[in-house]
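1. The sequence and its predicted three-dimensional model are supplied below.
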Amino acid sequence: SDDQTPTASTYKKPKLSEHTDYSRWRLLAERGRHTWHYLQDDEDVKEWPQSFADKYFLGLDTHLPDQPSPKTPLDSVKNALEFIKELQLPPGHWGCEYGGPMFLIPGAVITWVVTETPIPDHTATEITRYIFNHAHPEDGGWGLHTEGDSSVFGTAMNYTACRLLGVDAEHPVMVKARGTLHKMGGATNGPHWAKFWLSVLGVCQWEIVNPVPPEFWLLPDWVPFAPWRWWIHMRMVFLPMSFIWSKRFTYKPIPLVLELRKELFVQDYDSINWNAHRNTIYKVDNYHPKTWLLKTANWLLVNIWPYFRTESFAKKAEDYVFKQIQMEDKNTLFSNLGPVNGPMNFLACYITEGPNAYSVQRHRERIADFFWVGKDGLLMNGTNGVQCWDTAFIIQAVMDAGLAEDPKYHPMLTAALEFLEDQQIRENVDDQDICYRQQRKGGWPFSTQDQGYVVSDCISEALKAVLLLQRTPGYPKLLDDQRIYDAIDTILTYQNASGGCASYEPTRGSEYLEMLNAAEVFGRIMIEYDYPECTTAVVTALSLFTKYYPDYRTEEIKVFKDKAVAYIRRAQRPDGSWYGSWGVCFTYAGMFALESLASLGETYGNSTHSRKGCDFLVSKQRSDGGWSESYRSCESGVYTEHHTGSQVVMTAWACIGLMEADYPDRALIEKGLKHIISKQQPNGEWLQEAIEGVFNKTCMMAYPNYKFIFPIKALGMYAKKYGDIALP
Ligand code: LAN
């Protein structure tokens, strides 16, 4: 057929080497923005020396001296602070490799290729190194995330990325992965998002993609399933995806695309009935099977709707959607909400405005912010960074340890405070109601002000850090009262009728919307839910605020807190646990929930909820004193132990929760803390263990700075509570 004829394009296969010269990589941190640079010129290498942080992230030798061996909890904290002090970046914040998801790089690579964006050899080399390093040790495929079982999503997408980056089809890694892909039924068994990206590239045909009609965006707001009601990550992905789907954009059939058509399927490309494979899916990919309702809707959209879909109405929808895309680009300075909608918006701009448009240039620059060079290679982070979130936690951890007034930590904390001051969001977005954005003035984002999306708990944690630090003697008061009130005003918009708080916005739609969840690989994605973690951050921020500002919106805050904690009590399971959505899993949520209860004076001694919560955690303590929960808990909803043994981060979470609740058996907490200290390295650091975070039930997310933050917090809390004594 026509589209089997190879066409010339500017695609140039990158030249790969085994690895790059690590001594040439540098992280540039401008305000919060991160970009990695590979210095090819020896002069530049001399002029811009590699920092401690660069070396640490790259896994190079950092030569930090051994610290005196710790005798007390605070000794251990101080050793750790010596280490993380060195990791602070020039603008005052902390960063890290923020990996986990294995479906992000391929979206970016496909976008680069189809938008004729050249891929430098060093970039291609390090991305393939990362993908190779994360192939499944047994079957050579890739999973949804770095610790997951091989799936078609992971394998078909990463295989394609490697080939586009210049890996030969007969390379042993490709041969093995292809074998696994074929065992899983080939790319026609992929989930919706895989079929989408492969159709963009021209390896699949669009009939295999279940419909993504942009017309949805024209629904009136009152319609119960209108997109503005969806969880923000879903609607912001659905937005450009619907545009690209409606355009049926397909890349030119360059020779490599024709080769991939031969490699990714278990049958001859020409014999594939694409429409018949819309719903075929491999079992590992099918965490959330499509409901009868969604299947019916898809059937109608495929078989009936085309007879009614007029060109002019489709055009109207596309135009409206593109306008929304442009608002998202403008409001985030082209950073975009995340690493999925970022490349898709990029492609939508390319389709509409052409290869040299201003918007396309800006996307080409901005996509770099998601990339990070780590010891395993170049990866795409889950967000454009963790700047505000980790910085707020580090400040709080030092405060909890009572060390903020120690002049030794003064420069570090002052710079951190200045960073949070700089990153506070000062205005709402333009046309907030038209683009359905949440009030954000006075808030903080998870990553950077440029990205600009505030989150209930990110505002709260940053606000706590600022309130605590700028009232500590010796620190400047950088935020005046009005800026604090702005933060509170925004926080107070977040409560749901249930009393709980969600993430980016209060919940806007019904749980029934989950029936329209089309991304088979994730669960609980369609709407915002109440989260014990987010709710706790808000409750504790409000408590702290009222302590310092007893007269501002006092009554509302009291009612808010009471309702919020009532939600926390209701969310407790009969066994005393809470399910965590953003960290693994019952241990993480348990820590927060116990803190919420404590903030209203409910502790082990006087509250059944607190007692049951503690008893649950205690029942999971291991004989070495530590805790060790596996990410499998998140998928299954049942507490599951991790096979690798006690984990420092989880042990810290459990100990913090128990201390918040005034758990009476101090020896039990001491045993946990002793485990943490025993794992500390002579230079003050802790080493990375199993993955700590999660989203959407199935996808794991690494939080590398948690191994510093939570041990410091736990040890510091202990010292404050019981005195800085050698642990028995
Ligand atoms: C994050 C990271 C931070 C996280 C916390 C602040 C910890 C949480 O308490 C609230 C939710 C939030 C902000 C969050 C939401 C979902 C994110 C952005 C992520 C887990 C990081 C990556 C993930 C994003 C959805 C990844 C892209 C994948 C899609 C399915 C669109």
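-> Done, it's in.

2. Next up, the contacts around Leu60.
-> For Leu60, the contact set (CB atoms under 8 Å, 6 or more residues apart in numbering) comprises 22-23, 50, 54. Quick note: C-beta positions are derived from backbone N, CA and C, even for glycine.

3. among those, which are in reach of the ligand?
-> By CB under 6 Å from any ligand atom, no member of these lies near the ligand.

4. Can you flag which of these belong to helices?
-> Those of these mapping onto helices are Asp54, per DSSP state H.

5. Looking at the contacts of Leu60, which are in strands?
-> Assignment to strands by DSSP state E places none of those there.

6. next SSE after the helix or strand hosting Phe243?
-> Applying DSSP states H and E as the criterion places Phe243 in helix 232-247. Using DSSP H and E, the helix or strand that follows helix 232-247 towards the C-terminus is helix 255-263.

7. Now the helix holding Phe243 - C-alpha only, PDB.
-> Taking C-alpha atoms only, helix 232-247 is exported to PDB below (Å, rounded to 0.1, in the frame of the first residue of the first chain):
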ATOM      1  CA  ILE A 232      -6.100  16.900  36.400                       C
ATOM      2  CA  HIS A 233      -3.500  14.500  35.100                       C
ATOM      3  CA  MET A 234      -6.100  12.600  33.100                       C
ATOM      4  CA  ARG A 235      -7.800  15.600  31.600                       C
ATOM      5  CA  MET A 236      -4.500  17.300  30.700                       C
ATOM      6  CA  VAL A 237      -3.300  14.100  28.900                       C
ATOM      7  CA  PHE A 238      -6.700  13.600  27.300                       C
ATOM      8  CA  LEU A 239      -6.600  17.100  26.000                       C
ATOM      9  CA  PRO A 240      -3.600  16.900  23.500                       C
ATOM     10  CA  MET A 241      -4.300  13.200  23.000                       C
ATOM     11  CA  SER A 242      -7.800  14.000  21.700                       C
ATOM     12  CA  PHE A 243      -6.400  16.600  19.400                       C
ATOM     13  CA  ILE A 244      -3.700  14.300  17.900                       C
ATOM     14  CA  TRP A 245      -6.300  11.500  17.600                       C
ATOM     15  CA  SER A 246      -8.700  13.700  15.800                       C
ATOM     16  CA  LYS A 247      -6.000  14.800  13.300                       C
END
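
8. List the buried residues of it.
-> Neighbour-count burial for helix 232-247 flags 232-247 (criterion: 16 or more other CB atoms under 10 Å).

9. which helices and strands sit right next to it?
-> helix 192-201, helix 311-331, helix 341-353 (3 or more CB pairs under 8 Å, 6 or more residues apart in numbering; DSSP states H and E).

10. Let me have the ones you listed in CSV, extended by mean neighbour count and distance to Gln88.
-> Formatted as CSV, those follow (neighbours: other CB atoms under 10 Å; distance: least, CB to CB, whole Å):
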stretch, mean neighbour count, distance to Gln88
helix 192-201, 26, 37
helix 311-331, 17, 29
helix 341-353, 24, 27
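
11. mind checking which of these is nearest Leu104?
-> With CB to CB as the criterion, Leu104 lies closest to helix 341-353 of the helices and strands packed on helix 232-247, at 8.6 Å.

12. now the closest one: mean pLDDT?
-> Here helix 341-353 scores 98 as its mean pLDDT.

13. and it with helix 192-201, angle?
-> Per axes from the mean of the first three to the mean of the last three CA atoms, to 10 degrees, the angle that helix 341-353 makes with helix 192-201 is 30 degrees.

14. For helix 341-353, enumerate the helices and strands it packs against.
-> Helices and strands touching helix 341-353, by 3+ CB pairs under 8 Å, 6+ apart, are helix 104-114, helix 232-247, helix 311-331, helix 358-366.
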